[in-house]
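> Need the 3D shape of this:
(3 chains)
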Amino acid sequence: MPEGHTIHKIAKDHSKLLVGRPIGVSSPQGRFAESAMRIDGAFLNRIEPRGKHLFYEWDSGEVGHVHLGLFGKFRVQVGPTLNDPIGEVRMRLTTETETAEIVTIDLSGPTICSLDAPDVRISILARLGPDPLRRNSKPDRMIDKIRASDRGIGDLIMDQSVVAGVGNVYRAEALFVLGIHPLKPGREFEVDELEALWETIRTMLRRGVSDGRIVTVSRDEVGIGRGRPIPREEATYAYKRDHCLKCGDEIRRIEIANRICYFCPTHQAR
DNA sequence: AACTCATGCGAAT
DNA sequence: TTCGCCTGAGTTT
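Residues are numbered from 1 along each chain as shown, chains lettered A, B, ... in the order given. Below you'll find the model as predicted:
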């Protein structure tokens, strides 16, 4: 599930349910139990998304940190009763709404779930590149880093210190839309091409936040009218496909930055 | 029941 | 460059 859009959507949705109330914090699975005890019953002031990280500002002054990694998931339940956790639940947040409904948010499988002093958040933010989903964030640092590098663009945009929030799907799809070969070296880019890349990434991520899933194709090109949902297999042009959604050419796959990068040799010539 | 794969990332080699 | 870690869904034996 998790690229930057997932994290920002979670922050939005969960904030509505949790912020400004006392929160029960526990760890059914046990691995977050010591930390959970320290904030159990505390008020939550804010959930801040940044790239693929979530920061929880607790009234106690400590800062929760969650990173979903590849497998992490949240399960949200709102109802009259408190349900038993399903599977391995590292952190459980519970509260009650004005209408006396029970809110339960269960986190399973995260790479990081910790409770830290505030400076930990500061040092993590310091090593993240600009986040296209943040209001007013600018691409300058991303552009400078890319143009100063010999590494390929497909390597660079998955690097969270270059841009924060792009993962394997948006990497493939953003490069596809702009017709950029994933191995093109950073040094060979002009500024306006990278400004276009920033805008493309930002637009795709925003759409991901509002859709709650990754859809990068335009409905016109796929020939699916509004009203009908776009099936998963047709939601991307190149990612995880055998054939390009536009031209039918065989999609190539090469490993870049530990992950398979999908691209269309016709649309993204060297 | 076993095996494979996944929208991630840092540490070890 | 490879390995390990976190978990669950889907597929194959």
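> Could you pick out the residues of chain A near DNA strand B for me?
A:1-3, A:6, A:51-52, A:67-71, A:111, A:158, A:160, A:167-169, A:213-214, A:240, A:258-260 (Cβ under 7 Å from any atom of the strand). Placement of C-beta: from N, CA and C, glycine included.
> Identify the residue spatially nearest to whichever residue of chain A sits closest to DNA strand B, adjacent ones excluded.
Here chain A gets closest to DNA strand B at one residue, A:Gly167, 2.1 Å apart by Cβ to the nearest atom of the strand. With sequence-adjacent residues excluded and distances taken as Cβ to Cβ, 6 or more residues apart in numbering, A:Gly167 is closest to A:Glu3, at 3.6 Å.
> which ones are touching the one you found?
A:Lys52, A:Gly165, A:Val166, A:Gly167, A:Asn168, A:Val169, A:Tyr170, A:Leu205, A:Gly208, A:Ile214 (Cβ atoms under 8 Å, 6 or more residues apart in numbering).
> Out of those, name the ones that lie in helices.
Among the contacts of A:Glu3, DSSP state H puts A:Asn168, A:Val169, A:Tyr170, A:Leu205, A:Gly208 in helices.
> mind checking how far A:Ile124 is from DNA strand C?
17 Å (Cβ to the nearest atom of the strand, to the nearest Å).
> any idea whether that residue is helix, strand or coil?
helix (DSSP: H, G, I helix; E, B strand; the rest coil).
> what sits against the residue nearest to it when sequence neighbours are not counted?
Counting by Cβ to Cβ, 6+ apart, A:His53 is the residue found nearest to A:Ile124 once chain neighbours are left out, at 6.2 Å. Listed by Cβ under 8 Å, 6+ apart, the contact set of A:His53 reads A:Ile7, A:His65, A:Val66, A:His67, A:Ile124, A:Leu128.
> Provide the backbone phi and psi angles at the third one.
In this entry, A:Val66 is assigned phi and psi values of phi -130, psi 130 (degrees, to the nearest 10).
> these two touch, right, it and A:Ser108?
No: A:Val66 lies out of contact with A:Ser108 (Cβ atoms under 8 Å); the separation is 11.3 Å.
> Going by neighbour count, which residues of the one helix or strand in chain A whose mean pLDDT sits lowest are buried?
When the helices and strands of chain A are scored by mean pLDDT, DSSP states H and E, helix A:219-222 comes last with a mean of 84. Neighbour counts using 16 or more other Cβ atoms under 10 Å place A:Val222 of helix A:219-222 among the buried residues.
> centre of the chain versus whichever helix or strand comes after that helix, how much separation?
With elements assigned by DSSP states H and E, the helix or strand that comes after helix A:219-222 is strand A:252-256. Chain-centre distance of strand A:252-256: 22 Å, with Cα atoms, centre = their mean, to the nearest Å.
> If you count contacts, what does strand A:252-256 end up packed against?
On a contact count with 3 or more Cβ pairs under 8 Å, 6 or more residues apart in numbering; DSSP states H and E, strand A:252-256 meets strand A:259-263.
> Show me what the strand it packs on packs onto, helices and strands only.
helix A:168-178, strand A:252-256.
> Can the longest one be said to contact DNA strand C?
No: using Cβ under 7 Å from any atom of the strand, no contact is recorded between helix A:168-178 and DNA strand C, whose separation bottoms out at 13.3 Å.
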